[in-house]
Each structure stands twice: as structure tokens, then as C-alpha cells.
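Chemist: With the input below, show me the fold.
(chains A and B)
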Protein chains: 2
Amino acid sequence: MIEDKTPQRTSIGQLGEFGLIDHLTQHFEITQESTVKGIGDDAAILDFKDKKTVVSTDLLIEGVHFDLAYMPLKHLGYKAVVVNVSDICAMNAKPTHITVSVAVSNRFPLEALEELFAGITLAAKEYKVDVIGGDTTSSQKGLILSITAFGEADQEEIVYRNGAKESNLLVVTGDLGAAYMGLQVLEREKQVFQVNPNSQPDLDGYAYLIERQLRPEARKDVRTLLYALEIKPTSMIDISDGLSSEIMHLCKQSGVGCNLYEDKLPLDPQFISVCEEFNIDSTTIALNGGEDYELLFTIAMEDFDKIKGNPNFTIIGHMVQESEGIHLVTRANTKIPLKARGWNALQEE
Amino acid sequence: MIEDKTPQRTSIGQLGEFGLIDHLTQHFEITQESTVKGIGDDAAILDFKDKKTVVSTDLLIEGVHFDLAYMPLKHLGYKAVVVNVSDICAMNAKPTHITVSVAVSNRFPLEALEELFAGITLAAKEYKVDVIGGDTTSSQKGLILSITAFGEADQEEIVYRNGAKESNLLVVTGDLGAAYMGLQVLEREKQVFQVNPNSQPDLDGYAYLIERQLRPEARKDVRTLLYALEIKPTSMIDISDGLSSEIMHLCKQSGVGCNLYEDKLPLDPQFISVCEEFNIDSTTIALNGGEDYELLFTIAMEDFDKIKGNPNFTIIGHMVQESEGIHLVTRANTKIPLKARGWNALQEE
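Modeler: Residues are numbered from 1 along each chain as shown, chains lettered A, B, ... in the order given. This next block holds a predicted model:
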């Protein structure tokens, strides 16, 4: 038998707006007790009882935040949820709900939207967040995604950016820079493909980096880990723009300075070897790469014993008086002022 | 002295993302007691105490939902808030907060964004909603706005779309169709302008229609009016797509039919005369025009005496058994099945 290899392409217009919404949202399940009413009315109704409501929102634009040349739509849907859930985790809150709005130009067939929503559904299931609303419309160009994430927390659990104190320890989860190098590998393969469309991508040896770029995870587990260790961070932020930039935010909002130690930065072996291959300084990328979605937080010195040696956390510095400034202490033990360049700035170089 | 008539154009890039956000959000004031933390952290924190949280979201795209040729940016900002607040009102809830995300291409100078945010600020003040978050980014083409609105209500106050019962009265606020005819007037002037760019728009005699299109208001007052009358609607929806389409939603979700009376439709005299001028059937536009942002609801027959003669409300029909279907009873007393065409369909004709 000969298989029909032509992918099916159904025009979105065939379903109409309401038909499309029904079709795309049919796989969403309601699992949160706090969801009183989900999709299907003028608005959703949530009941957080005595908890506080935590809200964050993001707008993702094709050609600005993602490139569909190497970002499969299912991964994009997954990542869009993760990015927002990560902001809720950065408040030390529990993610509970999301709304998802999508605008697409008519070059996207229904099957493409199904892939996107499959990724969103998978992430919603993985992070146990209910999809409670959204909007579906057409765009003049490309794909646009707007996600608002909700979470809940008791007042005393919530951690802001502005609570870091002098002599607090600076702690980061996971490792740094891998997502950015994953993007470099994908960009290189895209360029090879543009020169020779018959080439097959050579991604052996880059699996971890590419996964960090295409399928990052939000550190929903950190809240539970810290709770078990009886640690409440004094300040917290998630790493979306890059470590340097996030340290600057914590310092500025808390009114403190910081000494960051180059030799303490947690780097994956694959990350180090690919930085060498690309002839890029690994510290620069770890500081400015962005999109790691790890959590960066400060804790009281007294909590040192609770966290030391824990494989989930790395102490990378400590907070100092604001007047002392924000510095990187290099391996050669020289102090240089930290600059926040962010991954956008890196890309422009 | 000779005045410099060149409008100031400041590039958005000069401020940087964080500078831009600080600049644009500086006029937002926090007035709601339920706002624990607004803009400035990874997420906002809200405290609705024993109230339920009501959430609605919309994505507005230039060239799809609005045309900057005749929609001033300040009006657009105002209207974008109104559209979302209207959804909260349609749940019989009190609007409390919004998040605002904006993407713009670099053809927009800072001054254009300031105009947009001036409209958003004005609406936030008018409707007493706190702006508690958002996102600002670049787009590949045009202006994109994503707004999420929040409200609060006691469980027993909330009105869904699905509670209409047989023999309930169908009631609408304000008048119908004016926003759509306002759009027609503006479209006509745009075409005149394209032929002769020196022409001045001739908008005398269309003020009400144009205001309904460019500066609609959400019926935040209806909740208070109904409360004072001791009426709780059995179902409710706001009129964004058009009366017919919204009646269909109420009927479908409630499992009832409806008889709608043509001679009861509330029409403004200016609307009627401009329909004649354009040689368009006013009933067709009142049914399918859309963007009126009035509220449509059903009440128990027993509440008739409380509402009759009230200038804020018009009884336009009554609900019947589902098997009887959804009909328009014309002035000539013939029954014709109601069709939902919506304003998009109208525009395509």
C-alpha cells in the first residue's frame, strides 16, 4: 500500500470562530478545586478562598520571541505555558490556571493549531494548571500567543524581589546558559539548511542544550523543596533574561549590592564543551544567556547548613551593602563590575 | 514666534524595555483594596477575600479588530479596556483589575504609545480598575493589544449564560446598532479621504453613532441598577458580536427558544435616519451590528412590574420551549427564524 504523504490541511475558516474554539479546547480538563467555571461564558470564575491570587502575563510574537523554522508548534505551546508558570513559581506560589489567546494568519491550517494546542494541553497537564479561558482570532502576520497565568499562595509564603538583605546568600537552581547555547546550535543548523535544503540536522551531542531551549521546564518543584528544608527565601526571581540582569533586579529592588563568584556558576559539561566548540566564553553566556527559567533567590546566612551540599541548589554569591556595588569575582580573584546585557543584546553582536 | 509643527518622534528603542515599561506605567494609580502588589515583580498579588475571582481576556489586532486610519490611539486604548470590562459586567460582577500587554512594530514612536496608554489610563480611572501588570514587546507588523480583566462577586450574585427559563422575559440595556453605523460613516469618510487627502471629514449629524463606535462604554452601572430594583437576572451576556448571535448563545446554553419582537428593538433616532441615508435595513443592523457593549439578560416574569417603564431597560422578547425555536416576530406579525450573522459576516457582503 502506498501511504498518502501529503499532510492534511484544513482551513481554519471552515470551522468558524466558535467552532474553532470548541474544537481546540475540547481536550482541556478541569482539575483544580478552585475552578468554579472555566471556558464557555463571558468570563471564568475562580475561588481562591483565603489564598492570595497571583497573576502574570506574557505576549509572544513570531519572529521576535520564537522562530518556527526550528521551534515545532507543539514545543512552542509547551514553552509558552512554562514561561508563564515560571513567573508564578518565582513568587513562591502554586500555579493553578492559565488563559490562552492565539492569533494566526491564514497560512496556518487547523492541523498547525492542533499541534500548538497539543503542546499547551501537555504543559497544562504536566503543571496541573486549568485552562480557563482565552481568545482565538486572525492576525495580519504570523503567530501571536498571549498567556496569563494564575497561582495561589498564603500571604506569608509569597516572596518578592525586594526582600534581599546584606549578608544574605545568593542561590540558583539547576545550571545556567544551556538554553542559549541550544539556540546557537539550532541557528547554525538553520543556516546549513538554508544553504543545502537536503542536509539533515546533525544534533548528536547537543541533546541537553536543545532540550533546554525547545522544552524548558518551570521549577514548580522548588517551592516544595524549600518548604521541606524549612527555608523561606528573602527575595526571588526567575531567570528569563539572564543571570546578570536578574541579579541587578534583585539588588535594585532590595537596595543591596552583590558579590558573585565566577567559580561557583553551575555549568553543565555539555554546555562547557559546546562553548569551546563555538569559541565563546562560557561565563559570558552563563551570565547573559537567558531563557534558563531557573530560580534565583536569596536566603538568610543562618539557612546555610540547610542548603549546603543539596544537589538542587548552588550558592553563587552573597549580598553586600548597596554602596559596595554589584561585582563578579573572577577565577583570577579580580573584581569586575557586573553588566546586564541580556540575551537580546548578545544576539545583536 | 513660529511654532514647530513637526510632531515629536522618539524611538522606543532609546528607552529600552524596562525604561519603556516604567515610563508608560507611571500614571497608573492603585485604588482597589484588593491589590496587594501591582506592577514591578514577577507577578501581581490580589486578595479577593471571600469573593469569587472573575477573569476574561481579549486579543486585539491592528487590521483585524481596528483600523488606525480612523481610530485615534487614545480611543483605542480606552475601547480595549471597555471591551474587557464589559465581559466582567456580563457576569454581574464588579470590575477590579486589568493587565495590559502591547506589541508594536518600530514604526510607532514613543509618543504613539503614550497616546495609547493615556486612553488606557483614562478608562482605568473611569471604571476604577487597577492596572496590575502586562508586557511590552516589539511586533513584526502593526499594533497588538492583549488585555485580561478581573472582577469580583459573591457566588450568589454571579449570572451565567445558561440560566434562562421558559417564559422568562428578554431584556436589553440602551439601544442597538449605533456602533456599527458609526463604523460605516467612518469607513465612508476614509474612502473620501483616500480619493482626496485634502478633504475634511464631514461628521456633523453623526456624533452619537461615531461616539458609540470610537468610545463605547461598558454597562458597569447595570449591576447597581438591578440590585436597587431587587432583580437578579437568570442569564446574561454582553453584546459584542450582535444581538442575534448573543440570543443564540443564551438559548443554546440555557436549552430554551425565544420570540424576539421587531417593534420592541430600542433604536436611536440618529441611527434610524442614517440607516435610511445608507439605504440599509435598520432591523438587520440592530440584530447583527455588534460592538454595542450593551447587556442582554433574562428575568423571571414576576419581575416585570419592577422593570416596566424603566428608561434603562427594554423588554424585547420572551423565552419559550427549546423545541419552538428562536424567532423574530416582525412588525407585520410574521415569525421568521433568527439567524446569527455577526458583524464580520456583514462586512464581507
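Chemist: Show me how the record splits chain A into domains.
Modeler: Segmentation of chain A into domains, based on automatic domain parsing, reads A:12-157, A:169-348.
Chemist: residues from the stretch 201-349 of chain A in reach of chain B?
Modeler: For the stretch 201-349 of chain A, the contact set with chain B under CB under 8 Å from any CB of the partner chain comprises A:236, A:237, A:238, A:253. Where C-beta positions appear, they are placed from N, C-alpha and C, glycine not excepted.
Chemist: shaky segments in chain A?
Modeler: Across chain A, the stretches falling below the confidence threshold (pLDDT under 70) are A:1-8, A:17-18, A:341-349.
Chemist: which residues of the stretch 201-349 of chain A fall in strands?
Modeler: A:235-238, A:256-261, A:295-299, A:313-321, A:326-329, A:335-337 (DSSP state E, counting those that start in this stretch).
Chemist: Those strands into CSV, with extra columns for mean neighbour count?
Modeler: CSV is the format used below for the strands of the stretch 201-349 of chain A (neighbours: other CB atoms under 10 Å in any protein chain shown):
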stretch, mean neighbour count
strand A:235-238, 27
strand A:256-261, 21
strand A:295-299, 27
strand A:313-321, 20
strand A:326-329, 20
strand A:335-337, 10
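Chemist: I'd like to know which of the ones you listed lies nearest to residue B:208.
Modeler: Proximity to residue B:208 (CB to CB) singles out strand A:235-238 among the strands of the stretch 201-349 of chain A, at 49.3 Å.
Chemist: Show me which positions of the host helix or strand of residue A:192 end up buried.
Modeler: Assigned by DSSP states H and E, residue A:192 falls within helix A:178-195. Using 16 or more other CB atoms under 10 Å in any protein chain shown as the burial criterion, the residues of helix A:178-195 that qualify are A:178, A:179, A:180, A:181, A:182, A:183, A:184, A:185, A:186, A:189.
Chemist: Quick check: the third one vs chain B, distance?
Modeler: Just to be clear, that refers to residue A:180. Distance from residue A:180 to chain B, counting by CB to the nearest CB, to the nearest Å: 18 Å.
Chemist: which residues does the residue nearest to that residue when sequence neighbours are not counted contact?
Modeler: By the measure of CB to CB, 6 or more residues apart in numbering or on different chains, the closest residue to residue A:180 outside its immediate chain neighbours is residue A:289, 3.0 Å from it. The contact partners of residue A:289, taken as CB atoms under 8 Å, 6 or more residues apart in numbering or on different chains, are A:176, A:177, A:178, A:179, A:180, A:181, A:242, A:243, A:343, A:346.
Chemist: State the number of residues packed around the closest residue to residue A:283 other than its chain neighbours.
Modeler: Here the nearest residue to residue A:283 in space, its sequence neighbours aside, is residue A:262; by CB to CB, 6+ apart that works out to 5.6 Å. As a burial measure, residue A:262 scores 19 neighbours (other CB atoms under 10 Å in any protein chain shown).
Chemist: and residue A:262, what does it touch?
Modeler: By CB under 8 Å, 6+ apart, the contact list for residue A:262 reads A:283, A:328, A:329, A:330, A:331.
Chemist: Verify the contact between the third one and residue A:335 for me.
Modeler: Yes: the pair formed by residue A:329 and residue A:335 meets the contact definition of CB atoms under 8 Å, at 5.5 Å.
Chemist: Return every residue with contacts to both of these two.
Modeler: By CB under 8 Å, 6+ apart, residue A:329 and residue A:335 have these common neighbours: residue A:259.
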